[in-house]
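J.: what shape does this take:
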Amino acid sequence: MCLLTGLLLLSISAFSQDTNFFIFLCFGQSNSEGFPGLEAQDKTPVDERFQVLAAVDFPRMDRKKGNWYPAIPPLCRPSAGLCPADYFGRTLVSNLPPHIKVGIVNVSVAGCKIELFDKDSFQAYAATAPGWMTNIINAYGGNPYQYLVDVAKMAQKDGVIKGILLHQGESNTNDKEWPKKVKGIYENLIQDLGLKAEAVPLLAGEVVNAEQHGACASMNSIIDDLPKTIPNSHVISSKGCTSRPDHLHFTPAGYRELGRRYAEKMLPLLGYQPKTKTFINYFLPTPPQGELVQETWGATNVLPRDIRNGLEDTTIKKYCYWDGQIIKAPDGKYHLFASRWDESKGHGGWFGSVAVHAVSESLIGPYVDKGLCWPDDHGGRGHNVTALTLPDGRYAIVISETRPCEVYVSKSLDGPWEHLGTIKVEGDPKWHASNVSIMARPDGNFEFVPRDGRIFVSDRGILGPYKAQGNSVFPQGIPNLEDPCIWYSGSLYHIVVNSWSTRTAYHLTSSDGIHDWTNRGLAYDPREAIVRYPDGTVNHWNKAERPSVYLENGHVAATTLAVIDVEKEQDKGNDDHGSKVIVIPFDGAALDRDLQSAADAPKP
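T.: Numbering: from 1, shown residues only. Prediction:
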């Protein structure tokens, strides 16, 4: 009878489990906890399918031990910060079918050696722990291993444990017995939780890498050998994951990247392949520079919004703005070059636009309009405004469309701007400049791409003459492509080009900037959530054109777009509609890394 009752209870327990709720256990030391410090983009609402089981009480977040909550960090303890599990889970749910949920159980102890999780000998190590660590240990009932097992059993009532994530090793640096110690803990967890080792992989992350001057980087060679000891274990590289000045802990960006790598390793182990990402997937939430404003100009699709983002006439009584290129000055201020025209003329006033200069203390804004760039030359007229730093340290502004392709130069971003001349194309004296995007190549030459999609290169300076390198490099079959933006990062040349009629833009790459341009897919679409704030608010501008990028440390850190809230012909002037330049943070380092990883992957 007792045996029958036990079997019945076991059957009920198994039946109550949601087999589509994937549980992952996390343990380790401070990088597994998450070093304190969260950025705005990490505080945004997460997919409700991503949950965390509170291992302890979180009074300020109103979390109670043993309950599931949306996985907004911190996930481990109230005083912790972002950890690899955060973007591990976010990446999983974005790649798994919508009926699958992901749950995290995290029991980690800052500064601990791996011995703290040895259930047979942890007491000897815990007895030597400093007071601050003892407080953490006591929060886990004095026995973190058993505590992890207990909360894992709680989690098993709701879902199925699919993997174990470990990040530890700093406190065991150069301990060659570490793999064997980890094996003992892993095998205990498998046995104590009734799991099968072949179905529950162990993923172990490297500590801060040597290329980040990691204080414990020598430990990585030992961590890398873990699969020799545990067959179903996998090592997650930390190369390129940025570290804090202590060279022990990762920055928030480093945690994000490391977490994504854990997920990218786990997905195929679960039987799923990561979705192919395109440029649009690297836009980051935009931190507001003030309160989001509802009572301002614009259609409802762009409200509420941050009127301090980018460059705009918040009254929409004077100007409409367009274009937009940011350069950072040596003093740390940000300078944006754009075009503007009288709002009273509606969007059609662009043909009489002038080139203007704006300045901000912050990359995101607000940018303050400082006036015309060359007030005494053609009345300041200029459109398709872009700017760049020249190899000799001077700055250049290039305009096209409403005037020939003119170049103005200055030793200072504040001007004065001197007319250098007109860009020439070899063998084509009647060439008309439109939507010109220009760059200084790493080899010292200059390259530009105009609206027609041809590549032009000059080895004789910015004015040329330029030689056309062939036919259009734009993808075939996509209508009305215009507004290209060209740059170099991550060992590749890039172009983003917009299809005005479909309101979608595309991302192209080339290894030499001339040949074999590859269409990488969707760059942006204003109907998607590319302009989103940490509180979940999304703005959907009717059109987003004239893309431009701001590079920092060799990668795109922000994208600027000229946006309008309604169809262009509906902006008639003296109304409540208009255009502005917006600035959106962008994870260009991740984009470049992913493109490089794809290039390095073995071909089938």
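J.: how's this protein carved up into domains?
T.: For the chain, automatic domain parsing gives the domain ranges 13-275, 285-600.
J.: what is the burial count for the spatially closest residue to D86 that is not a sequence neighbour?
T.: Spatial nearest neighbour of D86, excluding adjacent residues (CB to CB, 6 or more residues apart in numbering): P73 at 5.2 Å. Where C-beta positions appear, they are placed from N, C-alpha and C, glycine not excepted. Residues lying near P73 (other CB atoms under 10 Å) number 21.
J.: quick one, what contacts P73?
T.: By CB atoms under 8 Å, 6 or more residues apart in numbering, the contact set of P73 is G34, L38, D42, K43, A80, G81, L82, C83, D86.
J.: and the second one, that's in a helix?
T.: So that's L38. No. Counting by DSSP: H, G, I helix; E, B strand; the rest coil, L38 falls outside a helix, being coil.
J.: phi, psi of it?
T.: Per-residue torsions, L38: phi -120, psi 150 (degrees, to the nearest 10).
J.: so it sits against Y255, correct?
T.: No. Using CB atoms under 8 Å, L38 is not in contact with Y255, being 10.0 Å away.
J.: who has more neighbours out of those two?
T.: Neighbours per residue (other CB under 10 Å) separate L38 from Y255, with Y255 holding more: 28 against 16.
J.: if you skip the residues just before and after it, what's nearest to the more buried one?
T.: Using CB to CB, 6+ apart, the nearest residue to Y255 is L82, at 4.6 Å.
J.: what's the answer for R244, then?
T.: Per CB to CB, 6+ apart, closest to R244 is T251, 5.6 Å.
J.: reformat the domains of the chain as a markdown table; add mean pLDDT.
T.: Shown next, in a markdown table, are the domains of the chain (pLDDT from 0 to 100):
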| stretch | mean pLDDT |
| --- | --- |
| domain 13-275 | 94 |
| domain 285-600 | 96 |
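J.: ok, back up a step: make sure the residue nearest to Y255 is indeed in a strand.
T.: No. In this structure, L82 is coil, not part of a strand, as judged by three-state DSSP.
J.: so A433 sits in a helix?
T.: No. Secondary structure of A433 (three-state DSSP): coil, not part of a helix.
J.: wait, doesn't the residue nearest to Y255 sit right on E33?
T.: No. In this structure L82 lies outside contact range of E33 using CB under 8 Å: 10.1 Å.
J.: name the residue in those two with the higher neighbour count.
T.: E33 (29 against 26).
J.: tell me how far that one lies from F58.
T.: 13 Å (CB to CB, to the nearest Å).
J.: which neighbours do these two share?
T.: P74, R77.
J.: what sits against G349?
T.: Counted by CB under 8 Å, 6+ apart, G349 has contacts C320, W341, D342, E343, G573.
J.: what about W517, how many neighbours?
T.: W517 has 22 nearby residues by other CB under 10 Å.
J.: pretty sure it contacts L508?
T.: Yes. With contact defined as CB under 8 Å, W517 reaches L508; the gap is 4.7 Å.
J.: what's the overlap in contacts for those two?
T.: With CB under 8 Å, 6+ apart, W517 and L508 have common neighbours V473, I495.
J.: wait, G141 sits on V149?
T.: No. The pair G141 / V149 is not scored as a contact, 11.0 Å apart, by CB under 8 Å.
J.: tell me which of those two has more neighbours.
T.: Between G141 and V149, V149 has the larger neighbour count (other CB under 10 Å), namely 17 against 10.
J.: which SS class is that one?
T.: helix.
J.: do you have the helices of the stretch 401-550 of the chain handy? List them.
T.: Assigned by DSSP state H, counting those that start in this stretch, the helices in the stretch 401-550 of the chain number zero.
J.: again, but for the chain
T.: 2-16, 30-33, 84-95, 122-126, 131-139, 144-156, 178-192, 220-223, 226-229, 252-269, 588-600 (DSSP state H).
J.: just checking, what packs against the longest one?
T.: Looking back up the chat, that one is helix 252-269. helix 84-95, strand 160-167, strand 202-205, strand 233-236, helix 588-600 (3 or more CB pairs under 8 Å, 6 or more residues apart in numbering; DSSP states H and E).
J.: let me have these in TSV, extended by distance to Q289 and mean neighbour count.
T.: Below are the helices and strands packed on helix 252-269 laid out as TSV (distance: least, CB to CB, whole Å; neighbours: other CB atoms under 10 Å):
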stretch	distance to Q289	mean neighbour count
helix 84-95	25	25
strand 160-167	35	24
strand 202-205	35	26
strand 233-236	36	20
helix 588-600	21	17
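J.: of all these, which one is nearest T559?
T.: When those are compared by CB to CB, helix 588-600 sits nearest T559, at 8.9 Å.
J.: tell me what that closest one is packed against?
T.: Looks like helix 588-600 contacts helix 252-269, strand 555-564 (3+ CB pairs under 8 Å, 6+ apart).
J.: switch to 6 Å and redo it
T.: In terms of contact count using 3 or more CB pairs under 6 Å, 6 or more residues apart in numbering; DSSP states H and E, helix 588-600 is assigned the packing partners strand 555-564.
J.: and the strand it packs on, which strands flank it?
T.: Here strand 555-564 is paired, per DSSP bridges, with strand 543-552 (antiparallel), strand 579-585 (antiparallel).
J.: dump those strands into JSON lines; add mean neighbour count and distance to D47 as well.
T.: Listed next are these as JSON lines, based on neighbours: other CB atoms under 10 Å; distance: least, CB to CB, whole Å:
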{"stretch": "strand 543-552", "mean neighbour count": "22", "distance to D47": "25"}
{"stretch": "strand 579-585", "mean neighbour count": "27", "distance to D47": "20"}
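J.: turn the ones you listed into CSV, including distance to G453.
T.: As requested, the strands paired with strand 555-564 are exported to CSV (distance: least, CB to CB, whole Å):
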stretch, distance to G453
strand 543-552, 15
strand 579-585, 24
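J.: show me which positions of stretch 48-63 end up buried.
T.: Within stretch 48-63, the residues scored as buried using 16 or more other CB atoms under 10 Å are R49, F50, Q51, V52, L53, A54, A55, V56, D57, F58, R63.
J.: again, but for stretch 194-203
T.: L195, A197, V200, P201, L202, L203.
J.: how many neighbours does I478 have?
T.: What I478 shows, counting by other CB under 10 Å, is a neighbour count of 16.
J.: just give the nearest non-adjacent residue to it, would you?
T.: S499 (5.3 Å).
J.: grab the nearest non-local neighbour of G332.
T.: That would be E361: by CB to CB, 6+ apart, it lies 8.0 Å from G332.
J.: burial check on the one you found, number of neighbours?
T.: 12.
J.: and if you look at K181?
T.: Neighbours around K181, by other CB under 10 Å: 19.
J.: same check, this time on S121
T.: S121: 12 neighbours (other CB under 10 Å).
J.: dump stretch 524-537 to PDB, restricted to CA.
T.: Provided in PDB are the C-alpha atoms of stretch 524-537 (Å, rounded to 0.1, in the frame of the first residue of the first chain):
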ATOM      1  CA  TYR A 524      15.800  48.800 -39.500                       C
ATOM      2  CA  ASP A 525      12.000  49.300 -39.900                       C
ATOM      3  CA  PRO A 526      10.300  52.200 -38.000                       C
ATOM      4  CA  ARG A 527       7.300  49.900 -37.600                       C
ATOM      5  CA  GLU A 528       9.500  47.700 -35.300                       C
ATOM      6  CA  ALA A 529      10.600  48.600 -31.800                       C
ATOM      7  CA  ILE A 530      13.800  50.300 -32.700                       C
ATOM      8  CA  VAL A 531      12.900  53.400 -30.600                       C
ATOM      9  CA  ARG A 532      12.100  51.900 -27.200                       C
ATOM     10  CA  TYR A 533      12.600  53.200 -23.700                       C
ATOM     11  CA  PRO A 534      13.600  51.300 -20.600                       C
ATOM     12  CA  ASP A 535      10.000  51.500 -19.300                       C
ATOM     13  CA  GLY A 536       8.700  49.600 -22.400                       C
ATOM     14  CA  THR A 537       7.300  52.700 -24.200                       C
END
